[in-house]
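Give me a model of this one.
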Amino acid sequence: MGTLLIRPPGRRRDVALRPAATAMVWTGLGHPHEMIAVPGVALAEHDVLVAVEMSTICGSDVHTVQGRRSAPVPLVLGHESVGRIIALGDAGASAVDGGVLRIGDRVVWSVTVSCGACDRCVRGMTQKCRTLGKYGHDRVGVHGDLTGAFGSHVQVRAGTAIVRVPESLPASVLAPASCATATAWAAVARAARDRDLEGASVRIHGAGLVGLSAAAIAVERGARVEVVDPDPVRLALAARFGAVRLEEEPDVVIEASGHAVAEALAGVGIGGTVVLVGSVFAADSVALDAEGIVRRLVTVTGVHNYTGADLAEAVGYLAGRGRAYPFAEAVGDVRPLAEIDEAITAASAPGAPLRIGLVPGR
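Sure thing, here's the model as predicted:
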């Protein structure tokens, strides 16, 4: 199986790959992934070609394969990854910090591709760009075959936020940064816009990787953090990410599970902020007590994905204060890329680790 590459306008650099790159293509509900060979790519002027070190399976990947989330096919899934630059377009590329990227740099990159010039991008909502692209979400075709993380390489396009990462941090810490950690950082940062988190009480619903990451980030900002989850194993893990039991009403509630929106809205204290970050899949509707929200002066806001600045801050956190928390243990299982179907099944099973890693050529 292969795709017809329709070359967009502009200068392109043809890069031959020997041996050929591989990508695991999902063709629809009920079908196993198919491995395709990609012998070369056409890099636009500011594109970057990255050899994948490790990718991790996010909940949205599982939801797509299970048919709970619509997606165009054929599709290379995956958007949590860390890798190393092996080729650059003729005009080069820059990292979020403005530094020039070079072959050999170890990097992570945003799930989104943004134009940087539309009204939404100018307002700082690059993750909602008018011409948005998303790794692991866009059909293979005009941008080639290497459009998702579940392959040996990813063609990282102009408009992607790229962050160089330390050699000392394990891939198991860095791969989830481009989704879970950066999203958690964005959620906590949004809460901090309404009040100083130093001394604040924060409740987090959901002890998945986003919720646990948000807990550790909020703790480092000086907050007392409680994590609520029905799984006792996950709750025990939350304690290692700094969670405690709150006796008071929370000033901030971060809903990271997608299943506790009503509880989040009802449980926040007067003048508090509720950040909804887990409602990224279809769920039961929630009745909105508008009078209660008004009388309690509650702010309700949503966070979806993140900006390039959030990704850079998240990586900086993982490389610094985040080392005190067990982020490296989030990837509880690592499998060869060729075993992707078995890995996704395992990721959806009860008691699954927070993340399962996939390694090309292992």
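
chain center to the longest strand anywhere in the chain: distance?
Looking across the chain with DSSP state E, the single longest strand is strand 12-25. Relative to its chain's centre, strand 12-25 lies at 24 Å (CA atoms, centre = their mean, to the nearest Å).

Please save the CA atoms from it in CSV.
Only the C-alpha atoms of strand 12-25 are listed here, as CSV (Å, rounded to 0.1, in the frame of the first residue of the first chain):
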residue,chain,number,x,y,z
ARG,A,12,11.6,21.0,-2.3
ARG,A,13,14.5,18.9,-1.3
ASP,A,14,14.3,15.2,-2.2
VAL,A,15,15.7,13.0,0.5
ALA,A,16,16.3,9.4,-0.2
LEU,A,17,16.1,7.0,2.8
ARG,A,18,18.3,3.9,2.8
PRO,A,19,17.0,1.7,4.3
ALA,A,20,13.5,3.0,3.6
ALA,A,21,11.5,4.5,6.4
THR,A,22,8.5,2.6,7.6
ALA,A,23,5.1,3.8,8.7
MET,A,24,2.2,1.9,10.3
VAL,A,25,-1.0,2.8,8.5
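
ok, then the element right after that strand?
strand 34-44 (DSSP states H and E).

what angle sits between that next one and strand 12-25?
Interaxial angle, strand 34-44 versus strand 12-25 (axes from the mean of the first three to the mean of the last three CA atoms, to 10 degrees): 160 degrees.

So what's the gap between stretch 335-349 and the chain middle?
Stretch 335-349 sits 18 Å away from the centroid of its parent chain (CA atoms, centre = their mean).

From start to finish, how long is it in a straight line?
16 Å (CA to CA, to the nearest Å).

List the buried residues in it.
For stretch 335-349, the buried set under the neighbour-count rule, 16 or more other CB atoms under 10 Å, comprises 335, 337, 338, 339, 340, 343, 344, 346, 347, 348. No exception for glycine: its C-beta is placed from N, CA and C like everyone else's.

next one: stretch 21-30
21, 22, 23, 24, 25, 26.

Ok, stretch 52-72 next?
52-65, 69, 71.

now, which of those residues lie within helices?
59, 60, 61, 62, 63, 64, 65 (DSSP state H).

Pick the one among the buried residues of stretch 21-30 closest to residue 80.
The shortest approach to residue 80 among the buried residues of stretch 21-30 belongs to residue 24, at 14.6 Å (CB to CB).

Contacts only, for that closest one.
Residue 24 sits next to 33, 34, 35, 76, 77, 150, 151, 337, 338, 340 when contact means CB atoms under 8 Å, 6 or more residues apart in numbering.

got it, and residue 261?
Residues counted as contacts of residue 261 (CB under 8 Å, 6+ apart) are 255, 276, 279, 283, 286.

Please report how far the residue nearest the centre of the chain lies from residue 241.
Nearest residue to the geometric centre of the chain (CA atoms, centre = their mean): residue 179, 1.0 Å. As for residue 179, its distance to residue 241 is 17 Å (criterion: CB to CB, to the nearest Å).
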